[in-house]
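A.B. asks: Attaching a predicted model along with its sequence, questions to come.
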Amino acid sequence: MSTTVIESGEEASRENASLRDKPGTGNTPIVRYQGVTKSFGDVQVLKGIDLEMMPGEKVAVIGPSGSGKTTMGRMLMTLEEPTEGTIELDGELLWHMRVKDRLVRADEKHLHRMRGHVGMVFQHFNLFPHMNVLRNVTEAPRKVLGLSKEEAEERAVSMLGKVGLADKLKMYPSHLSGGQKQRVAIARALVMKPKVMVFDEVTSALDPELVGEVLEVIREIAEEGEMAMMLITHEMDFAKEIADRVIFGADGRIVEQGTPEEIFENPQSERLQSFLQRFRAQGI
Amino acid sequence: MWDWNYVLDVLPQLLSALKMTVWITLCSFVVSLIVGLLLALAARSRFKPLAYVTKGIIEFIRNTPLLVQVFFLYYSLPLLMGVSIPAFYAGVIGLGLHYSTYLSEVYRSGIEAVPKGQWEAATALNYTKGQTWRIVILPQAIPPIIPVLGNYLIVMFKETPILSAITLVEMMLTAKNVVSQSFRAFEPYTLVGILFLAISYIASLLVQRLEKRMNLLRGK
């Protein structure tokens, strides 16, 4: 990974940071991948990822299936451990601890603390089927953040209102449409107030007519601006519209990154050009 | 051949033994529910030695007869360790422990049926391991296996006559005692069979109803 690419990305994000962020969030990246690789057995799916995200920055990650996009996001959520390299979250190592100048694997206590900064929305929603909508959204704030029932419900109801589901509080997930489920899942992740949120192909499992309502919700969240977002997506138009920066990954590497205009209007690498061409040919 | 007067004579004794039998069954079932869950969790432990030892214990208990196990608890343990266990406790522990190994397998199937995404969602919400089990996994793993657990309750009920071998006065031993005094075997043993049948049948109907209720609750 050449350093120039990272720097250009950083500059772009700084501009956005100055536009959007409150003072005090500063210039420390909220997320920093350094030389991150990941192998599953003999297969190396990530071959050295360097990436920085600034607080409040919206980064879209695009690329062909199997390029390791999802693995990248899952590492930030501590669902997948990097094989090599480090990930920093808000200036602190995520997967490692420093013991006598040596990096060792972090213990569960450290991971638990760090995880509190990150949230994730999954492709397949992963709502808890045995809880109604309200409890899906209140349970973690109560049990993990230690909010009272009243506080948690207040927060949950306002969040569910924001995603347009205030009238579905008592419903169970099995009675919701895919789009509604995904909006509950977004509310469930948002009430934890993470600093970074990973959206992992959140519309890929939805019927086409339900994609719009979910993207609309994400758009609104993005406009609020406080939270950094990593949008792993196949929705090019959406990435273009929402992202401060777009990252194109292929074969386990970041091939190209830049503003949406740079990536979509003026792609440099051949890989990206052919990828975009294929997408346009499919009319997606 | 069938003497109704004799039946009325022995029935009260058998019914009070039935109460005892049901009580033993319920106590053993509680033991096996708890120990079975602990075994299932320990067998899944990421700490490998614990997982292997647990699997070893499960195999050992399953592959030795229940009768031998209760004999060991009741007759051998006092010789080896100097502690004597009253027949009731030896019976409850023996039966409960034996079936806990089967129930651990039932729990395992329930736990494995919970999709991986549920674990990941729990991690993403930053639940601790314990909370993940209590709040997310077990509430989904257990309802589907309740009918199977109910069937094991019935199986355990029908296994209680084995405990007559360690002088636990359940229905079978009561009947035997009656027979040894009156030398009439037909009525007492037949009655024992009928009582077992009646209770088991009622219990299996209850399990079926429970199964339907659970399915309704889960919206299926």
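C.D. replies: Sure thing, it's come through.

A.B. asks: what about the residue positioned nearest the centre of chain B, which SS state?
C.D. replies: Geometric centre of chain B, nearest residue: B:F29, 3.7 Å, by Cα atoms, centre = their mean. With DSSP: H, G, I helix; E, B strand; the rest coil as the basis, B:F29 sits in helix.

A.B. asks: Please give the element, helix or strand, for the residue nearest to it when sequence neighbours are not counted.
C.D. replies: Sequence neighbours aside, B:L153 is the residue nearest to B:F29 in space, at 5.1 Å (criterion: Cβ to Cβ, 6 or more residues apart in numbering or on different chains). No exception for glycine: its C-beta is placed from N, CA and C like everyone else's. Element membership of B:L153, judged by DSSP states H and E, is helix B:146-159.

A.B. asks: what's the following helix or strand after that helix?
C.D. replies: Immediately after helix B:146-159, counting by DSSP H and E, sits helix B:171-182.

A.B. asks: The helix or strand that that next one is followed by and chain A in contact?
C.D. replies: Reading on from helix B:171-182 to the C-terminus, the next helix or strand found by DSSP H and E is helix B:186-217. No - for helix B:186-217, no contact with chain A is found by Cβ under 8 Å from any Cβ of the partner chain; the gap never falls below 9.4 Å.

A.B. asks: just checking, what packs against helix B:186-217?
C.D. replies: In terms of contacts (3 or more Cβ pairs under 8 Å, 6 or more residues apart in numbering or on different chains; DSSP states H and E), helix B:186-217 is packed against helix B:4-43, helix B:146-159, helix B:171-182.

A.B. asks: what angle sits between the helix holding B:L153 and helix B:186-217?
C.D. replies: 170 degrees (axes from the mean of the first three to the mean of the last three Cα atoms, to 10 degrees).

A.B. asks: what sits up against helix B:146-159?
C.D. replies: B:21-22, B:25, B:28-29, B:32-33, B:66, B:95, B:99, B:102-103, B:106, B:196, B:199-200, B:203-204, B:206-208, B:210-211, B:214 (Cβ atoms under 8 Å, 6 or more residues apart in numbering or on different chains).

A.B. asks: same check, this time on stretch B:69-88
C.D. replies: Counting by Cβ under 8 Å, 6+ apart, B:24, B:61, B:90-91, B:93-95, B:97-98, B:162-163, B:165-168 sit against stretch B:69-88.

A.B. asks: Buried among those? Make that a ChimeraX selection.
C.D. replies: Command for ChimeraX, covering only those of the contacts of stretch B:69-88 found buried under the criterion 16 or more other Cβ atoms under 10 Å in any protein chain shown:
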select /B:24,61,90,91,93,94,95,97,98,162,163,165,166,168
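
A.B. asks: hmm, which two among the contacts of stretch B:69-88 are most spread apart?
C.D. replies: Across these, the longest distance by Cβ to Cβ is 22.6 Å; it joins B:I61 and B:T167.

A.B. asks: Next up, the contacts around the residue nearest the centre of chain A.
C.D. replies: In chain A, the residue lying closest to the centroid (Cα atoms, centre = their mean) is A:V198, at 1.7 Å. Contacts for A:V198 (Cβ under 8 Å, 6+ apart) come out as A:G73, A:R74, A:L76, A:M77, A:V118, A:G119, A:M120, A:V121, A:M230, A:I232.

A.B. asks: Over to B:L173?
C.D. replies: Here B:L173 is in contact with B:A17, B:S164, B:T167 (criterion: Cβ under 8 Å, 6+ apart).

A.B. asks: do that again at 6 Å, thanks
C.D. replies: Counting by Cβ atoms under 6 Å, 6 or more residues apart in numbering or on different chains, B:L173 touches B:S164.

A.B. asks: what residue ranges in chain A score low on pLDDT?
C.D. replies: A:1-26, A:283-284 (pLDDT under 70).

A.B. asks: Alongside chain B, which residues does it contribute?
C.D. replies: A:M77, A:L79, A:R115, A:G116, A:M120, A:H124, A:N126, A:H130, A:A140, A:K143, A:V144, A:S174 (Cβ under 6 Å from any Cβ of the partner chain).

A.B. asks: buried subset of these?
C.D. replies: If you count burial by 16+ other Cβ under 10 Å, the buried members of the residues of chain A next to chain B come out as A:M77, A:L79, A:R115, A:G116, A:M120, A:H124, A:N126, A:H130, A:A140, A:K143, A:V144.

A.B. asks: Among those residues, which ones are in strands?
C.D. replies: A:M120 (DSSP state E).

A.B. asks: still on that earlier bit, just give me the closest of the contacts of A:V198 to chain B.
C.D. replies: The nearest member of the contacts of A:V198 to chain B, counting by Cβ to the nearest Cβ, is A:M120 at 4.2 Å.

A.B. asks: I'd say the closest one and B:T123 touch.
C.D. replies: No - here A:M120 does not reach B:T123: they are 8.7 Å apart, not a contact under Cβ atoms under 6 Å.

A.B. asks: mind listing the helices in the stretch 51-200 of chain A by residue range?
C.D. replies: Counting by DSSP state H, counting those that start in this stretch, one finds helices in the stretch 51-200 of chain A at the ranges A:69-76, A:108-115, A:133-143, A:149-162, A:178-190.

A.B. asks: Out of those, which is closest to A:P208?
C.D. replies: Nearest to A:P208, of those and by Cβ to Cβ, is helix A:178-190 at 10.6 Å.

A.B. asks: quick check, A:H234 in a helix?
C.D. replies: No - counting by three-state DSSP, A:H234 falls outside a helix, being coil.

A.B. asks: For it, give me its contacts.
C.D. replies: Not one residue lies near A:H234 by Cβ under 6 Å, 6+ apart.

A.B. asks: Enumerate every residue touching A:V144.
C.D. replies: B:N126.

A.B. asks: quick one, phi psi at it?
C.D. replies: Main-chain torsions, A:V144, degrees, to the nearest 10: phi -100, psi -50.

A.B. asks: that older thread, which of the buried ones among the residues of chain A next to chain B lies closest to A:P208?
C.D. replies: Nearest to A:P208 among these, counting by Cβ to Cβ, is A:H124 at 16.8 Å.

A.B. asks: And the pLDDT for the closest residue to A:R115 other than its chain neighbours?
C.D. replies: Excluding its sequence neighbours, the residue lying closest to A:R115 (Cβ to Cβ, 6+ apart) is B:N126, at 4.7 Å. Here the pLDDT value assigned to B:N126 is 96.
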